[in-house]
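Novice: this is a predicted model, with the sequence first.
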Amino acid sequence: MKLKQYIIFLFALMAGAMLHAQVEVHAVLDSNSIRIGEQTKLDVYLRYDASVQKNLSIDWPKFEDTLKKEIEVVNITKIDTTIPDKTNPNIIQQHIQLTITSFDSGAYVIPPFKFTLNKDTVNPLITEPLLLAVNTMPTDTALAKIKDIKPPYDEPFDWKWYLPYIYAIGGILLLVAIIIIVLVKLSKRKPVEVPVVDNTPKIPPHVIAFESLEKIKAEAVWKENRTKEYYSAIADTIRLYIEQRFNINALELTSDEILHIFKSQVVDQESKNRLRQILTLSDFVKFAKQIPIEAEHSLTLNNAFEFVSGTLREEAASTPNETSKNAL
């Protein structure tokens, strides 16, 4: 029974030895000699074959603020895992880098770091110990002579250093100039003139139209073979009346455009018919050189009087004399 236990123990030792033989750990100093206060890098590596070491559990050593009393740890990186040999992707390498320094001169041994594999605390993997020499500043006695104090260095002129001040002063001057210009303009501004209200009563459009038609009737220029002038005067009077009464730009519109607009106006049909007769006959006389009969002269003028009378505003105070509209 004891022989069997001894054999099992030997196999366990051999398995642990084989496991440790397939995992490598190393610690490397970037420089093993520094001056007081200088920093150097300490790299710790672990490498193994993933094809052999499957489900490998690795416990890295715990790094504190100091490796020993004289050696301080400034910074520790996180563990990075890489494949150093691209031809063999099964080789895995883990790496941590420590930045260390010392403020005490002397030679110090950095103790080895212990790694635990698969919770086997009996057989840890250990890196090699490292030696770090911390030197003081060298003193050259040959140069220990009293020397003159060096004069202060002249700083070279750099105009770019003054740019912020130039921009600030320029901005202030620009702002002051704008304020002065605004104040000058405000001081020169003319006082607001109160518009003069013209209280003169405005002559109603129908009064102007009646006066113009009365003049046309009195002159009766058609009797002097001035038919075109007669009909033009009647049409222009009606167009002016429409423009002032209905706010329609009748003087600039054709007869057809005026008649089309009047289809939507609130005007009785009789007035629309009279307007059509006036404008249509006037166009024939002016453009087609048509010569109307004498009865049409009176009819056109009477239609003009009737159109104005039928479309004037209800608040108009007076209407034309019937006799003056019918007698030519």
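Specialist: Happy to help now that I have it.

Novice: please make it C-alpha for all contacts and neighbour counts, starting now.
Specialist: Noted.

Novice: can you give me the helices in the stretch 151-300 of the chain?
Specialist: Listed in chain order, the helices found in the stretch 151-300 of the chain under DSSP state H, counting those that start in this stretch are 163-188, 205-219, 227-246, 255-262, 269-287, 294-311.

Novice: quick one: the shortest one to helix 269-287, angle?
Specialist: Read that as helix 255-262. Relative orientation of helix 255-262 with respect to helix 269-287: 170 degrees, computed using axes from the mean of the first three to the mean of the last three CA atoms, to 10 degrees.

Novice: distance from helix 255-262 to the middle of the chain?
Specialist: Going by CA atoms, centre = their mean, to the nearest Å, the spacing between the C-alpha centre of helix 255-262 and its chain's C-alpha centre is 52 Å.

Novice: one more: the second one?
Specialist: The gap between where helix 205-219 is centred and where its chain is centred comes out at 66 Å by CA atoms, centre = their mean.

Novice: list the buried residues for it?
Specialist: By neighbour count on 16 or more other CA atoms under 10 Å, the buried set for helix 205-219 is 205-207, 209-210, 212-214, 216-217.

Novice: switch the residues you listed over to JSON lines; also include pLDDT.
Specialist: Compiled in JSON lines, these are given as follows (pLDDT from 0 to 100):
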{"residue": "Pro205", "pLDDT": "90"}
{"residue": "His206", "pLDDT": "92"}
{"residue": "Val207", "pLDDT": "92"}
{"residue": "Ala209", "pLDDT": "88"}
{"residue": "Phe210", "pLDDT": "92"}
{"residue": "Ser212", "pLDDT": "91"}
{"residue": "Leu213", "pLDDT": "90"}
{"residue": "Glu214", "pLDDT": "91"}
{"residue": "Ile216", "pLDDT": "90"}
{"residue": "Lys217", "pLDDT": "88"}
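
Novice: how about these in JSON lines, adding distance to Ile100?
Specialist: Formatted as JSON lines, the buried residues of helix 205-219 follow (distance: CA to CA, whole Å):
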{"residue": "Pro205", "distance to Ile100": "106"}
{"residue": "His206", "distance to Ile100": "109"}
{"residue": "Val207", "distance to Ile100": "111"}
{"residue": "Ala209", "distance to Ile100": "111"}
{"residue": "Phe210", "distance to Ile100": "114"}
{"residue": "Ser212", "distance to Ile100": "114"}
{"residue": "Leu213", "distance to Ile100": "116"}
{"residue": "Glu214", "distance to Ile100": "119"}
{"residue": "Ile216", "distance to Ile100": "119"}
{"residue": "Lys217", "distance to Ile100": "122"}
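
Novice: ok, and what's touching stretch 98-113?
Specialist: Outside of stretch 98-113, the residues within contact range by CA atoms under 8 Å, 6 or more residues apart in numbering are 27, 35-43, 61, 67-68, 70-77, 126-136.

Novice: show me the strands in the stretch 51-200 of the chain, by range?
Specialist: For the stretch 51-200 of the chain, the strands identified by DSSP state E, counting those that start in this stretch occupy 58-59, 66-68, 71-76, 80-82, 91-101, 106-110, 114-117, 120-126, 130-135, in order along the chain.

Novice: and the fourth one, what does it pack against?
Specialist: Judged by 3 or more CA pairs under 8 Å, 6 or more residues apart in numbering; DSSP states H and E, strand 80-82 is in contact with strand 91-101.

Novice: in this protein, where is pLDDT below threshold?
Specialist: 1-21, 138-147, 153, 190-200, 314-328 (pLDDT under 70).

Novice: got the domain ranges for it?
Specialist: The chain breaks down into these domains under automatic domain parsing: 2-135, 205-326.

Novice: quick one: which of those is nearest Ile172?
Specialist: Minimum separation from Ile172 across those (CA to CA) falls at domain 2-135, 49.6 Å.

Novice: any chance of the domains of the chain in TSV, with distance to Lys185 too?
Specialist: Below are those laid out as TSV (distance: least, CA to CA, whole Å):
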stretch	distance to Lys185
domain 2-135	68
domain 205-326	41
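
Novice: nearest to Gly171, out of the ones you listed?
Specialist: The minimum distance between Gly171 and these falls on domain 2-135, with 48.0 Å, by CA to CA.

Novice: tell me how far stretch 212-229 lies from the chain's centre.
Specialist: Here stretch 212-229 is found 71 Å from its chain centre; the criterion is CA atoms, centre = their mean.

Novice: so which residue is dead centre in the chain?
Specialist: Averaging the C-alpha coordinates of the chain gives a centre point, and the residue nearest to it by CA atoms, centre = their mean is Gly171 (25.0 Å).

Novice: distance of that one from Ala177?
Specialist: Note on Gly171: its distance to Ala177, by CA to CA, to the nearest Å, is 10 Å.
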